[in-house]
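K.L.:
What would the 3D arrangement of this be:
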Amino acid sequence: MKTRHDAWTLENEQLLAETVLSYVQNGRTQSAAFKDVGNRLNRTAVACGYRWNAELRKKYTKELEQAKMKRNLNKKQAKNNQQILQHGEIIQLTIDECIHYLSQVRSTENHIHFLDENIRLIEENKKLYEKKQTLIEKYEQLTNQKQKIDHKYKSLFRLINEVQLIEEEKQLYH
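P.N.:
I've put the predicted structure just below:
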C-alpha cells in the first residue's frame, strides 16, 4: 500500500520532471509517467500528477515545449520512413523525391530553431516587462517623495515669511 509523503525532495522532483519529459518526447502520456514515478517513489499517480501540474510544469515550460516538438518531429520522421519502407523493402526514390524529403527535414529543423528563438524572445520580453514594472513602481515612489519634499519646502517658506513679518512688526513697535 502506498503511504502519504508530504515533502518532495529535489531528487524526487527531478525524477518526476525527467520522466514526464521523456514520456512526452517519446509519444507516451503524462499519466503513464505519473504511474511510473509513483511506483518508483511509492506515491500515487494522482500525487505525482498534482505535483507536476501545481509546481513543476511552470519550471519546465521550455523543456516541455521542446519535448513536444521532438515528439512531433519523431512522428513526422517515422511517417516519412514508413513511406520510404514498404513491407520491409527499400523503395527506389528519385533524386527529386530525395530532395523533397531532405527539404522537409531541413524545414522541420528550421521550424524548431524558430520555436526555440521564439521561446527565448518570449522569456526576454517577460523579463523586460518585469523590469519595466519595477521602474514604474520606482518612478511612482520618487514622484511621491518629490511631492512630499515640495510640500515641506513650501511649508518652510511660509514659516520663514511669517518669522520675517513678526520680526518686522517687532522693529516697528520698538
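K.L.:
Report all helices and strands that the host helix or strand of Glu13 contacts.
P.N.:
According to DSSP states H and E, Glu13 maps onto helix 10-25. With contacts defined as 3 or more CB pairs under 8 Å, 6 or more residues apart in numbering; DSSP states H and E, helix 10-25 has these neighbours: helix 30-41, helix 45-51, helix 61-84. (Each C-beta comes from the backbone N, C-alpha and C, glycine too.)
K.L.:
closest to Gln147 out of these?
P.N.:
helix 61-84 (41.6 Å; CB to CB).
K.L.:
What is the distance between that closest one and the centre of its chain?
P.N.:
Centroid separation between helix 61-84 and its chain, computed with CA atoms, centre = their mean, to the nearest Å, is 22 Å.
K.L.:
Taking helix 30-41 as reference, get the angle to it.
P.N.:
120 degrees (axes from the mean of the first three to the mean of the last three CA atoms, to 10 degrees).
K.L.:
related to what we said a few turns ago, so for Asn118, which of the helices and strands packed on helix 10-25 sits nearest?
P.N.:
Nearest of the helices and strands packed on helix 10-25 (CB to CB): helix 61-84, 9.5 Å.
K.L.:
So which bits of the closest one are buried?
P.N.:
Leu64, Gln66, Ala67, Met69, Lys70, Arg71, Leu73 (16 or more other CB atoms under 10 Å).
K.L.:
need the contact list for the third one.
P.N.:
This points to Ala67. Residues in contact with Ala67 (CB atoms under 8 Å, 6 or more residues apart in numbering) are Leu21, Ser22, Val24, Gln25.
K.L.:
Was I right to think the second one contacts Ala33?
P.N.:
Yes. With contact defined as CB atoms under 8 Å, Ser22 reaches Ala33; the gap is 7.5 Å.
K.L.:
which SS class is Arg28?
P.N.:
coil (DSSP: H, G, I helix; E, B strand; the rest coil).
K.L.:
do Ala7 as well
P.N.:
Ala7 ends up coil, using three-state DSSP.
K.L.:
Dihedrals phi and psi, it?
P.N.:
Backbone torsions of Ala7, given as degrees, to the nearest 10, read phi -90, psi 140.
K.L.:
do you know how far it is from Leu56?
P.N.:
To Leu56, Ala7 is 15 Å away according to CB to CB, to the nearest Å.
K.L.:
the more surrounded of these two?
P.N.:
Remark: of Ala7 and Leu56, Leu56 carries more neighbours, 18 against 5, as counted by other CB atoms under 10 Å.
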